[in-house]
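give me a model of this one.
(6 chains)
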6 protein chains.
Amino acid sequence: MAELTHFDAEGRAHMVDVSDKPVTSRIAVASGAVLMSAETLALIAEGRAAKGDVLGVARLAGIMGAKKTSDLIPLCHPLPVTKVSVDLSCDAALPGVRITATVKTTGQTGVEMEALTAVSTAALTVYDMVKAVEKSMVITEIRLDLKDGGKSGRYEAKR
Amino acid sequence: MAELTHFDAEGRAHMVDVSDKPVTSRIAVASGAVLMSAETLALIAEGRAAKGDVLGVARLAGIMGAKKTSDLIPLCHPLPVTKVSVDLSCDAALPGVRITATVKTTGQTGVEMEALTAVSTAALTVYDMVKAVEKSMVITEIRLDLKDGGKSGRYEAKR
Amino acid sequence: MAELTHFDAEGRAHMVDVSDKPVTSRIAVASGAVLMSAETLALIAEGRAAKGDVLGVARLAGIMGAKKTSDLIPLCHPLPVTKVSVDLSCDAALPGVRITATVKTTGQTGVEMEALTAVSTAALTVYDMVKAVEKSMVITEIRLDLKDGGKSGRYEAKR
Amino acid sequence: MAELTHFDAEGRAHMVDVSDKPVTSRIAVASGAVLMSAETLALIAEGRAAKGDVLGVARLAGIMGAKKTSDLIPLCHPLPVTKVSVDLSCDAALPGVRITATVKTTGQTGVEMEALTAVSTAALTVYDMVKAVEKSMVITEIRLDLKDGGKSGRYEAKR
Amino acid sequence: MAELTHFDAEGRAHMVDVSDKPVTSRIAVASGAVLMSAETLALIAEGRAAKGDVLGVARLAGIMGAKKTSDLIPLCHPLPVTKVSVDLSCDAALPGVRITATVKTTGQTGVEMEALTAVSTAALTVYDMVKAVEKSMVITEIRLDLKDGGKSGRYEAKR
Amino acid sequence: MAELTHFDAEGRAHMVDVSDKPVTSRIAVASGAVLMSAETLALIAEGRAAKGDVLGVARLAGIMGAKKTSDLIPLCHPLPVTKVSVDLSCDAALPGVRITATVKTTGQTGVEMEALTAVSTAALTVYDMVKAVEKSMVITEIRLDLKDGGKSGRYEAKR
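Numbering: from 1, shown residues only, chains lettered A, B, ... in the order given. Take a look at the predicted model:
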């Protein structure tokens, strides 16, 4: 049966030993969304041009958040990311802001958590900047879209 | 019309001046969930007793995450929280893990972001600890349930 | 004769005791500049509109840097800042980027170091973002322009 | 024409992808100065022997600052530095304190920002420790003196 | 019977609610020692004058460590310390280095953990700087000597 | 005669240059203890089952502390650890809690400080969680048990 690798044989949490894993190129892509009213979304969309760039601030926060992943997630290995990009776009169909993060490294473990943390941090930042206008926004659908590299190989989310 | 307070008159991001706001008691409650398969949830539920306490680790991560909020969210004011609690429970109806965080402070700004960050960090930690078993988990429905204290008064989410 | 307050009677570094100082409103303003060629400055100025907002990224970095001050400066007291703003502007006369930071708190010590750290961090970020184009940029003239509040009262730099 | 590498084709800030760059030995040297009155400088110089070692504290702060570079500079890659040294000396000709930092790594990106951050942090620390005596000190002439290693090769500042 | 306050009624870890505790002046003093051979101690003692100030570096590390306490200790409340001093002295009778830290704040919780963390960090730093010479050093006898302020009143260790 | 490597020829603290050291597998094991009354120890032992898992929280804190080592210890090189485990057990013979930490990396320097920091942080966390019941606990006997890998080879503590 499947095992929770973050615990040893006696059920004690530990940071998994990756010392013997090879150093390989790794990539992860994660996504999520912040749902809000159409009026709030319009304020963000309009603000991009004139009143303040919510998405630009959230993008930076997401990139910096990716670098703090191993500080936030207790059993996560520290690793030097080699690329982080975070894209945010207004989607009137939600209505809300869609977020996608891509992270790469060359290392012994994957960067799934870095990509997910980038999305989460960007989403929280959108919430923070807009909460004076709408407190009922919802951060949702944060998931891993893709990972590749390492022994466990490629994973792609089904849509 | 509503204004985005995190930008000045010329649309430049800044940390809002709260110097003249009174020091008052403040509380915020936020919640969210991590969706997964029933099999994965069973592994977590069972593990609590014998193989490793996923929810206990995530609870700690959430509490510590709340303390890092102003480091993660660019325009968030630093403030000394006076209470943080994070509750996680297995919900077979989702199926998945429900998370609720309560944060208090005595200060010049609210702790909504601290509560939301606690929930997000706990959710990411659940994902991290279980991802070897299921990568398709989804972090969802992160929202503010309640805030009280400060000039803007009480807010309660409609359900 | 003047004394270096950060050392005790025997010359050992310590964090000065401010326990008995009253809690008062405090403000500090600091400024600085990054000198560069006119061509590089044009790239930044033009980029604001179309290719990437160097000054916007540096502004965020400055605001976040202010919050890290007591972590960076060994004998600096931690204190919760209540306002941070960082302004950057292109000045063809230098040629270069001018930076000004304003920080406020309500506390037992001043925020001079927070304002200076905000300027320094913003300047380093400008350098980082433009260094692929010009490595000979110079960060210069970082100084305290104003402080007010607290026992030592108001200070204004002579110009 | 020269491009700002920290933005993608649509002008959005990102952390540049260095995944495919080779791991090479890299070095960077940066310098700067803190200008002050001759009386203040004398206090620092004298203090070294008897009353408290301003330069020793600033040296430590500079070394520790180098390790925080990727946390301070939003788009800077994290990398494990393999050597940091920071030298400070009293220069009566300024009058003031001269600062030089040397940083090395074996990695995929350079350590220019680490060297510049070390100098900045050391300079801010000198300011902090002496500001009770003279608030009009100026941090100035922070520049990259040398970098070597990596694809872009050697750079030496003209003097 | 005595209760472990860091757990709620159901045994779940939480950060204790101190919202309703009054803001009072608080102090804590902690101490500890690093045991080593007489030869190693002589190297440290001698170095103070000529070859490098182990105790000065460790003192700084201890002061900075006190500021990181709530980041290190999961359920510890963040609070702005108003004074930190760390004293280290060579004691031939151990033989080894004795360390004492004094921390003050004006707040809703005590600073015992800050004082103990300062001592621990200073001790670890002594070990780090001397370990090339002697790996068998032992960090020992870290204890709280005194605390005062707050509802639980004064505590003094028996000797 | 033995030299303190963390100082240069003129006695100035620096981070030792490890650029030319080979990348090898490294391991370190450290241990320590927290002494307390038999009654307090019983409370911890009992709590494991029902009232709150002191040792589980301390284990997490120790693992996360290992990741902060280079941030805490001024001249310590940053390096990405590949494994951290921390074991805590109740020992009625002390009476108290015994702590052992094992850390691995693949890098240019050893992980002795990471193992010692993990033990120290876990010990401080035990103290924090139990101090409401007994303030006279003592953190003691923190030492390096084993290191291996790197030029200086294997070290094992004599018992």
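
low-confidence ranges, chain A, go.
A:1-2, A:48-52 (pLDDT under 70).

which residues in it form strands?
A:24-35, A:81-91, A:96-107, A:138-148, A:155-156 (DSSP state E).

nearest to residue B:78, out of the ones you listed?
Nearest to residue B:78, of all those, is strand A:138-148, at 22.1 Å by C-beta to C-beta. All C-beta atoms are positioned from the backbone trio N, CA, C, and that covers glycine.

now do the closest one: distance to the chain's middle.
Centre-to-centre, strand A:138-148 and its host chain are 7 Å apart (C-alpha atoms, centre = their mean, to the nearest Å).

re the thing from before, need the strands of chain A in a markdown table (columns: mean neighbour count and distance to chain C).
Formatted as a markdown table, these follow (neighbours: other C-beta atoms under 10 Å in any protein chain shown; distance: least, C-beta to the nearest C-beta, whole Å):
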| stretch | mean neighbour count | distance to chain C |
| --- | --- | --- |
| strand A:24-35 | 22 | 19 |
| strand A:81-91 | 21 | 13 |
| strand A:96-107 | 24 | 17 |
| strand A:138-148 | 22 | 21 |
| strand A:155-156 | 14 | 31 |
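
between the ones you listed, which gets nearest to residue C:92?
Among the strands of chain A, if distance is taken as C-beta to C-beta, the winner is strand A:81-91, at 32.3 Å.

so which elements touch that closest one?
helix A:38-49, helix A:54-67, strand A:96-107, helix A:112-130 (3 or more C-beta pairs under 8 Å, 6 or more residues apart in numbering or on different chains; DSSP states H and E).

any idea which of these is most buried?
helix A:112-130 (a mean of 29; mean count of other C-beta atoms under 10 Å in any protein chain shown).

quick check, it touching chain D?
No - using C-beta under 8 Å from any C-beta of the partner chain, helix A:112-130 stays clear of chain D, coming no nearer than 10.1 Å.

and the angle for that helix with helix A:54-67?
Inter-element angle recorded for helix A:112-130 and helix A:54-67: 150 degrees (by axes from the mean of the first three to the mean of the last three C-alpha atoms, to 10 degrees).

how about helix A:112-130 and chain F, any contact?
No - using C-beta under 8 Å from any C-beta, no contact is recorded between helix A:112-130 and chain F, whose separation bottoms out at 12.9 Å.

report the inter-axis angle for that helix versus strand B:138-148.
Using the same axes, to 10 degrees: helix A:112-130 against strand B:138-148 is 30 degrees.

closest one to chain E among the helices and strands packed on strand A:81-91?
Counting by C-beta to the nearest C-beta, chain E lies closest to helix A:54-67 out of those; the figure is 16.1 Å.

check whether the closest one contacts chain F.
No - using C-beta under 8 Å from any C-beta, helix A:54-67 stays clear of chain F, with a minimum separation of 12.7 Å.

ok now that helix, how far from the chain's centre?
With C-alpha atoms, centre = their mean as the basis, the mean position of helix A:54-67 lies at 10 Å from the chain mean.

how about stretch A:99-116?
8 Å.

now the end-to-end length of that stretch.
Stretch A:99-116 has an end-to-end distance of 10 Å (C-alpha to C-alpha, to the nearest Å).

can you check stretch A:82-99 too?
20 Å.

then stretch A:73-88?
OK, stretch A:73-88 end separation, C-alpha to C-alpha: 24 Å.

where's the spatially closest residue to residue A:80 that is not a sequence neighbour relative to chain C, distance?
Computed as C-beta to C-beta, 6 or more residues apart in numbering or on different chains, the closest residue to residue A:80 that is not its neighbour in sequence is residue D:78, at 4.7 Å. Separation of residue D:78 from chain C (C-beta to the nearest C-beta, to the nearest Å): 13 Å.

what sits against residue D:78?
A:67, A:80-81, D:70 (C-beta atoms under 8 Å, 6 or more residues apart in numbering or on different chains).

separation between residue A:7 and chain C?
33 Å.

and the helices and strands packed on strand A:81-91: which comes nearest residue B:120?
Short answer: helix A:112-130, nearest of the helices and strands packed on strand A:81-91 by C-beta to C-beta, at 4.7 Å.

how about that closest one against chain B, any contact?
Yes - on the criterion C-beta under 8 Å from any C-beta, helix A:112-130 is in touch with chain B at A:112-113, A:116-117, A:120-121, A:123-125, A:127-130.

kindly calculate the angle that that helix makes with strand B:24-35.
Using the same axes, to 10 degrees, helix A:112-130 lies at 140 degrees relative to strand B:24-35.

so is helix A:112-130 next to chain C?
No - interface with chain C: helix A:112-130 contributes nothing (C-beta under 8 Å from any C-beta), its closest point being 10.2 Å away.

what angle sits between that helix and strand A:96-107?
150 degrees.

what about helix A:112-130, distance to the chain center?
That offset, for helix A:112-130, works out to 6 Å (C-alpha atoms, centre = their mean).

quick check, the residue in chain A closest to chain C?
Taking C-beta to the nearest C-beta, chain A has residue A:60 as its residue nearest chain C, at 5.2 Å.

so how far is residue D:15 from that residue?
10 Å (C-beta to C-beta, to the nearest Å).

can you check residue A:126 too?
Counting by C-beta to C-beta - residue A:126 and residue D:15 are separated by 20 Å.

same thing with residue A:130?
Distance, residue A:130 to residue D:15, by C-beta to C-beta: 25 Å.

out of the helices and strands packed on strand A:81-91, which comes closest to residue D:145?
helix A:54-67 (27.2 Å).

between the closest one and strand A:81-91, how big is the angle?
Going by the same axes, to 10 degrees, helix A:54-67 makes 150 degrees with strand A:81-91.

return the closest of the contacts of residue D:78 with respect to residue C:37.
After measuring the contacts of residue D:78 against residue C:37 - C-beta to C-beta - the closest member comes out as residue D:70, at 27.1 Å.

now do the same end-to-end measure for stretch A:11-25.
End-to-end distance (C-alpha to C-alpha), stretch A:11-25: 31 Å.

can you pull the buried residues of that stretch?
Within stretch A:11-25, the residues that qualify as buried are A:12-18, counting by 16 or more other C-beta atoms under 10 Å in any protein chain shown.

out of those residues, who's near chain B?
A:12-13.

now distance to chain C too, for the buried residues of stretch A:11-25, in a markdown table please.
Shown next, in a markdown table, are the buried residues of stretch A:11-25 (distance: C-beta to the nearest C-beta, whole Å):
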| residue | distance to chain C |
| --- | --- |
| A:12 | 32 |
| A:13 | 27 |
| A:14 | 28 |
| A:15 | 24 |
| A:16 | 30 |
| A:17 | 31 |
| A:18 | 29 |
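
got JSON lines for the buried residues of stretch A:11-25, with distance to residue E:158 too?
Listed next are the buried residues of stretch A:11-25 as JSON lines, based on distance: C-beta to C-beta, whole Å:
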{"residue": "A:12", "distance to residue E:158": "35"}
{"residue": "A:13", "distance to residue E:158": "37"}
{"residue": "A:14", "distance to residue E:158": "38"}
{"residue": "A:15", "distance to residue E:158": "39"}
{"residue": "A:16", "distance to residue E:158": "44"}
{"residue": "A:17", "distance to residue E:158": "44"}
{"residue": "A:18", "distance to residue E:158": "47"}
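
nothing else from me, thank you.
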